[in-house]
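Peer 1: My questions concern the predicted model and sequence given below.
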Amino acid sequence: MLHVSPEPKPVFHPSPVVVSELLDEVRRARTDLRRARAAGLLPETRAATSNLVAALSTYADMLASWGLPVPYSIRDELRIFRAAMRASGPAPRG
């Protein structure tokens, strides 16, 4: 009986450019949040927090889709900011 082994799965290595772009987006979102907090503007702070969560989520999702571990610091930051958004409730309508 002839045994045919399955084709090996191709190994996908993320492009350093893609990783760098995703990390740049996370850094920009963090900077925007710091600026909004320093200005003391609640609507801008909420929007910046939402943008940071989106950037962190995109980065974490891409790492996971590549089969790479998500750093604990990214997971923790994402968990903290998601909880902060839930705790602050919906943005006031204006």
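Peer 2: Great, that's in hand.
Peer 1: Was I right to think residue 77 contacts residue 53?
Peer 2: No. Using Cβ atoms under 8 Å, residue 77 is not in contact with residue 53; the gap is 9.2 Å. In short, each C-beta sits where N, CA and C put it, glycine included.
Peer 1: What ranges does the protein have for its helices?
Peer 2: 16-39, 42-65, 72-88 (DSSP state H).
Peer 1: and the shortest one with helix 16-39, angle?
Peer 2: Helix 72-88 runs at 40 degrees relative to helix 16-39, counting by axes from the mean of the first three to the mean of the last three Cα atoms, to 10 degrees.
Peer 1: Show me what counts as buried in helix 72-88.
Peer 2: By neighbour count on 16 or more other Cβ atoms under 10 Å, the buried set for helix 72-88 is 74, 77, 78, 81, 85.
Peer 1: Check the second one too.
Peer 2: The neighbour-count criterion (16+ other Cβ under 10 Å) identifies 45, 46, 48, 49, 51, 52, 53, 55, 56, 59, 60, 63 as the buried residues of helix 42-65.
Peer 1: ok, of those, which one's closest to residue 21?
Peer 2: Nearest to residue 21 among those: residue 59, at 9.8 Å, using Cβ to Cβ.
Peer 1: Name the nearest residue to the closest one, ignoring sequence neighbours.
Peer 2: Excluding its sequence neighbours, the residue lying closest to residue 59 (Cβ to Cβ, 6 or more residues apart in numbering) is residue 22, at 4.5 Å.
Peer 1: what does residue 81 give?
Peer 2: Counting by Cβ to Cβ, 6+ apart, residue 53 is the residue found nearest to residue 81 once chain neighbours are left out, at 5.1 Å.
Peer 1: wait, what's in contact with that neighbour?
Peer 2: Applying Cβ atoms under 8 Å, 6 or more residues apart in numbering to residue 53 gives the contacts 78, 81, 82, 85.
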